[in-house]
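Provide a 3D model corresponding to the input given below.
(one chain, ligands or ions: 1)
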Amino acid sequence: MNDSKEDELLCQKFAQQWRVIPVIHPMDYLFQFVIHLPLYQSNREQAIAYYFSDGFASAENLRLILEGICGIRNRACTLLEFASGYGCVTRHLQNVLPAVKVTSCDIHPEAITFLQNEFGVDAMQSHAVPEQVSTDKRFDVVFALSFFSHMPKTTFSRWLKTLSSLVVPGGFLVFTTHGLTSKRLHIKNTEFDKDGFFFLSSSEQKDINPSEYGCAVVQPLFVLHAAKQVGELSLTYFREAHWWGHQDLYVFQKTASPDTGVNHLAAAKNLKTGFFSKLSYWSRKLHMQK
Ligand SMILES: C[S@@+](CC[C@H](N)C(=O)[O-])C[C@H]1O[C@@H](n2cnc3c(N)ncnc32)[C@H](O)[C@@H]1O
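Numbers count the residues shown, from 1 in each chain. Predicted structure coming up:
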């Protein structure tokens, strides 16, 4: 049996297990990244099992955040899954969050068509330039998993502003970054600049200009300063190394007016003391860079 036939059968097996659609797009770089990890070199079955179980774990993680932090439980709401890729997480959202109306968004036009056709979600095209993302829609929650982890300093704050503009007042912006634990475990020998930012022009997305999408590592203070510049974001929750055991999680609430946000520098002091790390139900620790 050739590799692609074997992969197809394995995808069907694990998709059945998770009750999701088995189809993988040939340009799904995340899938390629996982199956070529040295960890899985001699075991394709484990790699494919991981792709499906990790997508489920992220969807479940999001559900816990919506319920426990955003106070959205079993009620209809709209969610923008920004930088969704080819649906590693999207395929699980309908099972895990049935009341949530999902719109997915990515830079790859092929991903948009794939998400619409295979998963039946609304999907919208993104743009390499943050200010050129164009939609009239606003969402209760904007979720960007492992997107800021790849943005250069030139667009990081601008993306924060753009994504914040897509949130309804009172809604939430949920995202992850590579932080200090990512640096310690996976992205060693990096030097932060004076603002607490590091960027390397290299990534798993082979068709995106590496100066626009690489590997970014940021200190929490950098994120808080960027959020302060946006002016309408109030930090609701921060947890270091929350996702995959290394990416930092940020949950910001969009305030009704720019003046009602928390004092981010005070929040920064609390970050150091772990004040915001108040929930402890996270059990998964997957030591993998994504
Ligand atoms: C590391 S992947 C994360 C995918 C997905 N969020 C997950 O965790 O499974 C980063 C994604 O960002 C997307 N991306 C890169 N630049 C983008 C942009 N300007 N707008 C939207 N998506 C972008 C890539 O195509 C890729 O799918």
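
Report whether stretch 170-177 contacts the ligand.
No - Stretch 170-177 stays clear of the ligand (CB under 6 Å from any ligand atom), getting no nearer than 8.4 Å. In short, each C-beta sits where N, CA and C put it, glycine included.

For that stretch, buried residues please.
Neighbour counts over stretch 170-177 (16 or more other CB atoms under 10 Å) mark 171, 172, 173, 174, 175, 176, 177 as buried.

Which of those sits closest to residue 255?
Minimum distance to residue 255 across the buried residues of stretch 170-177 is 10.3 Å, recorded for residue 171 (CB to CB).

That closest one in helix, strand or coil?
Of the three states, residue 171 takes strand according to DSSP: H, G, I helix; E, B strand; the rest coil.

I'd assumed residue 141 was in contact with it.
Yes - between residue 171 and residue 141 there is a contact under CB atoms under 8 Å: 6.0 Å.

Now the common contact residues for those two.
Shared contacts of residue 171 and residue 141 (CB atoms under 8 Å, 6 or more residues apart in numbering): none.

Please work out the average pLDDT along stretch 28-38.
Mean pLDDT, stretch 28-38: 92.

hey, C-alpha coordinates of it in CSV?
Extracted in CSV, the C-alpha atoms of stretch 28-38 (Å, rounded to 0.1, in the frame of the first residue of the first chain):
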residue,chain,number,x,y,z
ASP,A,28,-2.3,21.3,5.0
TYR,A,29,1.1,22.3,6.3
LEU,A,30,0.2,21.6,9.8
PHE,A,31,-0.6,18.0,8.9
GLN,A,32,2.7,17.8,7.0
PHE,A,33,4.5,19.3,10.0
VAL,A,34,3.0,16.7,12.4
ILE,A,35,3.7,13.7,10.2
HIS,A,36,7.3,14.7,9.7
LEU,A,37,8.1,15.4,13.3
PRO,A,38,11.2,13.3,14.4
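
And the next helix or strand past whichever strand or helix holds residue 229?
Assigned by DSSP states H and E, residue 229 belongs to helix 220-230. Per DSSP H and E, the first helix or strand lying C-terminal to helix 220-230 is strand 233-243.

Neighbouring strands of that following strand in the sheet, and parallel or not?
Its sheet considered, strand 233-243 pairs with strand 247-254 (antiparallel) by DSSP bridges.

and the angle from the partner strand to helix 220-230?
Angle of strand 247-254 versus helix 220-230, following axes from the mean of the first three to the mean of the last three CA atoms, to 10 degrees, is 20 degrees.

Just the residues contacting strand 247-254, thanks.
Taking contacts as CB under 8 Å, 6+ apart, the residues outside strand 247-254 that touch it are 65, 69-70, 146, 149, 164, 167-182, 220, 223, 227, 232-243, 290.

quick one: that strand near the ligand?
No - interface with the ligand: strand 247-254 contributes nothing (CB under 6 Å from any ligand atom), its closest point being 9.5 Å away.

let's have the chain start at 40 instead
Yep, numbering from 40; the last one is strand 286-293 now.

Kindly indicate whether residue 132 is helix, strand or coil.
Judged by three-state DSSP, the three-state class of residue 132 is helix.

Can you tell me how far it is from the ligand?
The gap separating residue 132 from the ligand is 11 Å, by CB to the nearest ligand atom, to the nearest Å.

residues contacting that residue?
By CB under 8 Å, 6+ apart, residue 132 lies in contact with 98, 101, 118, 120, 139, 141, 160.

rerun at 7 Å
Neighbouring residues of residue 132 by CB atoms under 7 Å, 6 or more residues apart in numbering: 98, 139, 141.
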